[in-house]
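Sequence first, predicted coordinates after that:
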Amino acid sequence: MDKLLTLSVLRRISQLFFFVILVYGSLFLTTFYSNDKLTQALPSLSCAYDKVGGDYCVLIPLQHQMDHRVSGVIDGSIGAMAGLMGTVITLVTFFILIVILNKGFCGWTCPLGFFQEVVNMIGTKLRIKQVTSLSLESVKKIRPIKWILFAFLIFIFPILTGLGFVGHELGDPFCKICPSRILTTLATGDTSQLYVDNSTWGYMTLSIIADLLFGLMIAFALFVKQPFCRICPMLPMQSVFKKFGLFRLVKNGSSKCDGCSSCVKSCPMDIYEIQHSVENKNITFADCTLCGRCVEFCPHDDVLSLKYGPLNAFTSSKDYFKKRVKIDKWWKK
């Protein structure tokens, strides 16, 4: 049995490739043009604090634009064209990314998502008892958190900072606590972002939250799949444009789906809605990262598919399911 020919292995290769490019990109793309223009215009989750990074996170400019530009439009100190043009360009660039990758960005390219999966694999090999699935009740309680973070940390607090209602430390609050800032800088040997800023109480609080969040993410990832991904503001950001994405998850349940819940049990994000009976429908839910595990572990022919435009990129089948289950048992041993 060839253990390499699986969708999961191909995805891990893709994740590793993009981790190297997005975190160490400027070591490979050495021209001024590629460093300063190309790699700085592809929204990713590799942080701008990483000085050798080949990319940056779209959430970074959005926060600064809310603080320095959009707030000016609101209070009348900046004209609408000058204040909003940067945000429009950022959103258009991000829209292009979503059209090409959709939520596959999270499942196939994101450095932070890849790191959490690696930690979880380590936890499995250390024989730490795994939480295979969170309960539906827990999932429902966790899901709103990412929308709250998205609204307040990306838009509301930065705008209030620009208007002078809150301190400057809340001008880019998500960057202040984001685990990717610490991860990608540590990955390049830079420990400067793992610190406690005692300049003010506000900065100190945010830096302590950042360190705790990074540590908790690692601790939880040892036995829970994708802990930070469940609350990451990037998912709501993607959900706004997901209907335009060429890459998508489609279900054609009809009479073939018997509601076995195998798809839900294999989903790292515990999306219970996958098992609902629908016919030929795009089911790329807000929490979906298009990792394809639900398709791999669906025991029925042609029920779940990963599609790219009109093409079937990968489709569930009985034969593949049997092979995948054997490989999964082999890995756990």
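Cool, got the structure. Residues are numbered from 1 along each chain as shown.

Run through the neighbouring helices and strands of the host helix or strand of I96.
In this structure, I96 sits in helix 80-101 according to DSSP states H and E. Secondary structure elements in contact with helix 80-101, counted by 3 or more C-beta pairs under 8 Å, 6 or more residues apart in numbering; DSSP states H and E, are strand 43-44, helix 59-65, helix 71-75, helix 104-108. For the C-beta atoms, the positions are set from N, CA and C on the backbone; glycine is no exception.

One more pass at 10 Å, please.
Helix 80-101 is packed against strand 43-44, helix 59-65, helix 71-75, helix 104-108, helix 234-239, strand 247-251, with contacts defined by 3 or more C-beta pairs under 10 Å, 6 or more residues apart in numbering; DSSP states H and E.

quick one: buried residues of it?
Of the residues in helix 80-101, those buried under the neighbour-count criterion (16 or more other C-beta atoms under 10 Å) are 83-84, 86-87, 90-91, 94, 97-98, 101.

Could you export it as CSV, keeping only the C-alpha atoms?
Listed in CSV are the C-alpha atoms of helix 80-101, where the atom choice follows Å, rounded to 0.1, in the frame of the first residue of the first chain:
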residue,chain,number,x,y,z
ALA,A,80,-13.6,60.2,1.2
MET,A,81,-11.4,59.4,-1.8
ALA,A,82,-8.1,59.8,0.1
GLY,A,83,-9.4,58.0,3.2
LEU,A,84,-11.0,55.0,1.5
MET,A,85,-8.8,54.3,-1.5
GLY,A,86,-6.2,52.3,0.5
THR,A,87,-8.9,50.1,2.0
VAL,A,88,-10.5,49.5,-1.4
ILE,A,89,-7.2,48.4,-2.9
THR,A,90,-6.5,46.1,0.1
LEU,A,91,-10.0,44.5,-0.3
VAL,A,92,-9.6,44.1,-4.1
THR,A,93,-6.3,42.4,-3.6
PHE,A,94,-7.8,40.1,-1.0
PHE,A,95,-10.8,39.4,-3.3
ILE,A,96,-8.4,38.2,-6.0
LEU,A,97,-6.8,35.8,-3.5
ILE,A,98,-10.2,34.5,-2.5
VAL,A,99,-11.2,34.0,-6.1
ILE,A,100,-8.1,31.9,-6.7
LEU,A,101,-7.8,30.0,-3.4
